[in-house]
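Undergrad: pasting the sequence and the predicted model now:
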Amino acid sequence: MEDKQAISIEHLTVAYDARPVLWNITTGFKEGRLTAIIGPNGAGKSTLIKSVLNFLQPITGTVAFSIQDEQNVPYKKVKNSVAYVPQNTSVDWDFPATVLDVVLMGRYGHLGWLKRPRKKDKDLAKQMLLKVGLPTFASRQISQLSGGQRQRVFLARALAQEADIYIMDEPLSGVDMKTERIIMKLLKKLVEQGKTVIVVHHDLQTVEDYFDDVVFINREVIAQGPVEEAFTKENIDETYHQDRNLGEGED
């Protein structure tokens, strides 16, 4: 039986100022798999996930989600079941919030904007901080944390959402080895629970150890599939060493 697609992308083209950044992307992410999106700087990896999350409007193409009883529906119908961890560098870390405040943001989809977090929400947020190894950091300001600690806080926020799909933009970038091990252990645990995890990733040396599937992106889909089949020298060379000058792009 063919694996179920949690996210299906068909003929997606995205442009900035009329210059294509992604061109005719057709791909999918399988349910219950840990998938890496890889490609060189400027290849459109972040643009792809921002389009999936409806942050950017494509010129053409569709993105459809299949989560539980919802089949082939747009993001807005399932957004509370999709957790997003942005790039560390895209966050305003001077915003006056404690670590617990940030993790509790993961509960807003369950509460609605007019409701205050309940004791059980705060207890759950503290449990997620324990999972990421920061149980004593709840009252600390996020501006006081190291880069790796901040990344773990945002992972805790995503875990608190209790989502079905987790989409992460370079969660291992700039973190220490301890944090990398913690993050990957948690991501693998999510997959064991049947969750779908999609990661923009930059370190080719760890792809085979960390991921089930891989999607090679350089403005277009170069290759995709299970790591043991698709992660080849030929696909790496074509993705990283071929000029695909469709215009200036975002990573």
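TA: Received it, and whenever you're ready, just let me know what you need. Numbers count the residues shown, from 1 in each chain.

Undergrad: tell me who's in contact with Pro117.
TA: Applying CB atoms under 8 Å, 6 or more residues apart in numbering, we find Pro117 in contact with Leu104, Arg107, Leu111, Ala125. Glycine gets a C-beta too; all of them are placed from N, C-alpha and C.

Undergrad: counting by contacts, list what the longest helix along the chain packs against.
TA: Counting by DSSP state H, the longest helix found in the chain is helix 177-192. When contacts are defined as 3 or more CB pairs under 8 Å, 6 or more residues apart in numbering; DSSP states H and E, helix 177-192 sits against strand 34-38, helix 147-160, strand 165-169, strand 196-200.

Undergrad: now the element after the first one, going C-ward?
TA: If you walk from strand 34-38 toward the C-terminus, the next helix or strand you reach (DSSP states H and E) is helix 45-52.

Undergrad: got JSON lines for the helices and strands packed on helix 177-192, with mean neighbour count, distance to Val175 and mean pLDDT too?
TA: Shown next, in JSON lines, are the helices and strands packed on helix 177-192 (neighbours: other CB atoms under 10 Å; distance: least, CB to CB, whole Å; pLDDT from 0 to 100):
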{"stretch": "strand 34-38", "mean neighbour count": "25", "distance to Val175": "16", "mean pLDDT": "98"}
{"stretch": "helix 147-160", "mean neighbour count": "24", "distance to Val175": "4", "mean pLDDT": "93"}
{"stretch": "strand 165-169", "mean neighbour count": "24", "distance to Val175": "12", "mean pLDDT": "97"}
{"stretch": "strand 196-200", "mean neighbour count": "26", "distance to Val175": "13", "mean pLDDT": "98"}
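
Undergrad: can you check which of those gets nearest to Asp237?
TA: strand 34-38 (13.0 Å; CB to CB).

Undergrad: neighbouring strands - and their directions - for that closest one?
TA: Note on strand 34-38: by DSSP bridges, its sheet partners are strand 196-200 (parallel), strand 213-218 (parallel).

Undergrad: how about the ones you listed in CSV, adding distance to Leu48?
TA: Putting the strands paired with strand 34-38 into CSV (distance: least, CB to CB, whole Å) gives the following:
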stretch, distance to Leu48
strand 196-200, 8
strand 213-218, 6
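
Undergrad: to Pro20, which of those strands lies closest?
TA: When the strands paired with strand 34-38 are ranked by proximity to Pro20, the top entry is strand 213-218, at 12.4 Å, counting by CB to CB.

Undergrad: name the next helix or strand following the closest one along the chain.
TA: Using DSSP H and E, the helix or strand that directly follows strand 213-218 along the chain is strand 220-226.

Undergrad: which stretches of this protein have low pLDDT?
TA: Low-confidence segments of the chain, defined by pLDDT under 70, span residues 1-2, 89-91, 93, 112-114, 242-251.

Undergrad: list the contacts of Ala163.
TA: Asn80, Ser81, Val82, Ala83, Lys195.

Undergrad: hmm, I was thinking of Asn88
TA: Residues in contact with Asn88, defined by CB under 8 Å, 6+ apart, are Gly147, Arg150, Gln151, Phe154, Glu170, Ser173, Gly174.

Undergrad: give me the distance between the fourth one and Pro86.
TA: Noted for Phe154: a distance of 7 Å to Pro86, by CB to CB, to the nearest Å.

Undergrad: in this protein, which residue sits furthest out from the middle?
TA: Going by CA atoms, centre = their mean, the residue of the chain most distant from its centre is Lys119, 28.4 Å out.

Undergrad: many thanks, we can stop here.
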